[in-house]
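# Following is a predicted model, sequence given first.
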Amino acid sequence: MKFILSGILFSLMFISHHVLMASEIATEDLILHFDDVQRTIKELHFKDDTKIKPEKGVFEIIEKYLMSNGLGERWAVVTIKNTSAGKRLLKNENIVATHADGSQSNAQNIDETLDGNDILTKAVLFRVHRFPILTIEVR
């Protein structure tokens, strides 16, 4: 009986230790880090013809800082200007990220109204992806 109880106790300690380690790793993986950018990429020439074009709009990216975490979430802190004199809706379809494998994804958390010539800075999610973001564009 002692042998069984000590075996159960050891098993519980072993499992709780691994659960604790897994939760520590998960916590670290959730933290976003700014991606190192070597230099600005001016042109990309991927062979895929199914390129997503941002929905036509009147927005301009003033600044962007790319971020990611250990889970593969791809984010960017983006400062966008409404170049129109009138109020416009900034939607997910207005912003497209191109990843290092040539695939693309739209923003996931944009639904903002910008007054004429208004500027907005926002952390924008571009899904979970194996490859980092190379460029972000708007129209």
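Arrived safely. Numbering: from 1, shown residues only.

# Domain-wise, how is the chain divided?
1-30, 34-138 (automatic domain parsing).

# so how far is the last one off the chain centroid?
Its chain's C-alpha centre lies 9 Å from the corresponding centre of domain 34-138 when counted by CA atoms, centre = their mean, to the nearest Å.

# re earlier: where among the domains of the chain is the average confidence lowest?
Per-segment mean pLDDT for the domains of the chain reaches its minimum on domain 1-30, at a mean of 55.

# thinking again about what came up before, would you mind finding the most buried of the domains of the chain?
Greatest average neighbour count among the domains of the chain goes to domain 34-138 (a mean of 15), per mean count of other CB atoms under 10 Å. Placement of C-beta: from N, CA and C, glycine included.

# Any idea how far apart the tips of it sit?
Distance between the two ends of domain 34-138: 21 Å, counting by CA to CA, to the nearest Å.

# Offset the numbering so it begins at 283, please.
Taking 283 as the first residue, the last one we looked at is domain 316-420.

# Which element, helix or strand, includes L416?
strand 415-420 (DSSP states H and E).

# just T309 next, same as before
Here T309, judged by DSSP H and E, is contained in helix 284-312.

# Likewise for T403?
With DSSP H and E as criterion, T403 is part of strand 401-410.

# So in that sheet, which strands flank that strand, and in what orientation?
Looking at strand 401-410 with DSSP bridges, its partner strands are strand 355-364 (antiparallel).

# With that, I have no additional questions.
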